[in-house]
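okay, sequence plus prediction incoming.
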Amino acid sequence: LLGVDVPGVSADSVNVLVQVAASMRSHGRGGALLVIPSSNSAWTESIVQPVLYEVSPLFAELATLSSDEVREPDSHEWQESMRRAVDALAGLTAVDGATLVTERYELIAFGTKIARRRGSPQLERVLMSEPVEGGALMTVNPYQLGGTRHLSAAQFVHDQRDTTALVASQDGHFTIFKWSPCEELVHAHRVEALLL
């Protein structure tokens, strides 16, 4: 996603995440989207229980539209259905709390509260980069990233290292959090300039 590898997500479907990110940023209310591999069952350890808005069975409209069997990029009807599904998912991120989806865009829950996993250390530093010429990779205190959404999403990725978090703030900042195995730190990619 905009230079960030998301395991289990193909190059074609990365475009879906870019569309969701742009829609999250454009609604202007801020939000957090957590992308969780289907094989991860430990994510519940990082979410306050009970999950009030859990979706069962998983809502799969966006997953269905983005599948190879249904995808018709040249069809106006498919494009409109895709836009509506993307905007609906992005709209759920505006609800207080985080929205959770699988890597196939199946909606797991929304309005969830992120908590530090029991026994996990508090996040103390993150790597931050911006896609600007001459931009350097910096190690910063997580409080420098933004508000509560940014801090809790960074902690979530620290605790659940196979996940990806997309966070839009009301002031226009957009950050993608991903675990960096090389640096053994959460990497915060500030990408708002790419979503204009």
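Nice, thanks for sending it over. Residues are numbered from 1 along each chain as shown.

check whether Thr163 really touches Ser38, as I assumed.
No - taking contacts as C-beta atoms under 8 Å, Thr163 lies outside contact range of Ser38: 11.7 Å. C-betas here are computed from N, CA, C, even on glycine.

who has more neighbours, the two?
Neighbours were counted for Thr163 and for Ser38 using other C-beta atoms under 10 Å; Thr163 has more, 25 against 12.

what sits opposite the residue nearest to the more buried one when sequence neighbours are not counted in the beta ladder?
Excluding the flanking residues, the one nearest Thr163 by C-beta to C-beta, 6 or more residues apart in numbering is Ile36, at 5.2 Å. Bridge pairing for Ile36 (DSSP bridges) gives the partners Thr102.

what sits against Ile36?
43, 100-103, 108, 160, 162-163 (C-beta atoms under 8 Å, 6 or more residues apart in numbering).

give the contact list for Ser46.
Contacts of Ser46 (C-beta under 8 Å, 6+ apart): 114-117, 155-156, 159-160.

what subset of those residues is buried?
Neighbour-count burial (16 or more other C-beta atoms under 10 Å) applied to the contacts of Ser46 gives 114-117, 155-156, 159-160.

can I get the residues you listed in CSV including distance to Glu61 and secondary structure?
Formatted as CSV, the buried ones among the contacts of Ser46 follow (distance: C-beta to C-beta, whole Å; DSSP: H, G, I helix; E, B strand; the rest coil):
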residue, distance to Glu61, secondary structure
Ile114, 25, strand
Ala115, 29, coil
Arg116, 32, coil
Arg117, 30, coil
Gln155, 30, helix
Phe156, 25, helix
Asp159, 29, helix
Gln160, 25, coil
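
pLDDT wise, what is Phe59 at?
Phe59 is assigned 92 on the pLDDT scale.

what bridges to it?
The partner residues for Phe59, given DSSP bridges, come to Leu107.

and for it, the neighbour number?
20.

just for this protein, where's the confidence low?
The chain contains residues with pLDDT under 70 at 1-14, 132-135, 192-196.

just the helices in it please.
Remark: helices assigned in the chain by DSSP state H are 11-27, 61-66, 76-92, 148-159.

out of these, which is the most enclosed?
With neighbours defined as mean count of other C-beta atoms under 10 Å, the helices of the chain peak in mean count at helix 148-159, which reaches a mean of 23.

what packs against that one?
Here helix 148-159 touches strand 31-36, strand 98-102, strand 164-168, strand 174-180, strand 185-190, going by 3 or more C-beta pairs under 8 Å, 6 or more residues apart in numbering; DSSP states H and E.

between the first one and helix 76-92, what angle do the directions make?
In terms of direction (axes from the mean of the first three to the mean of the last three C-alpha atoms, to 10 degrees), strand 31-36 departs from helix 76-92 by 110 degrees.
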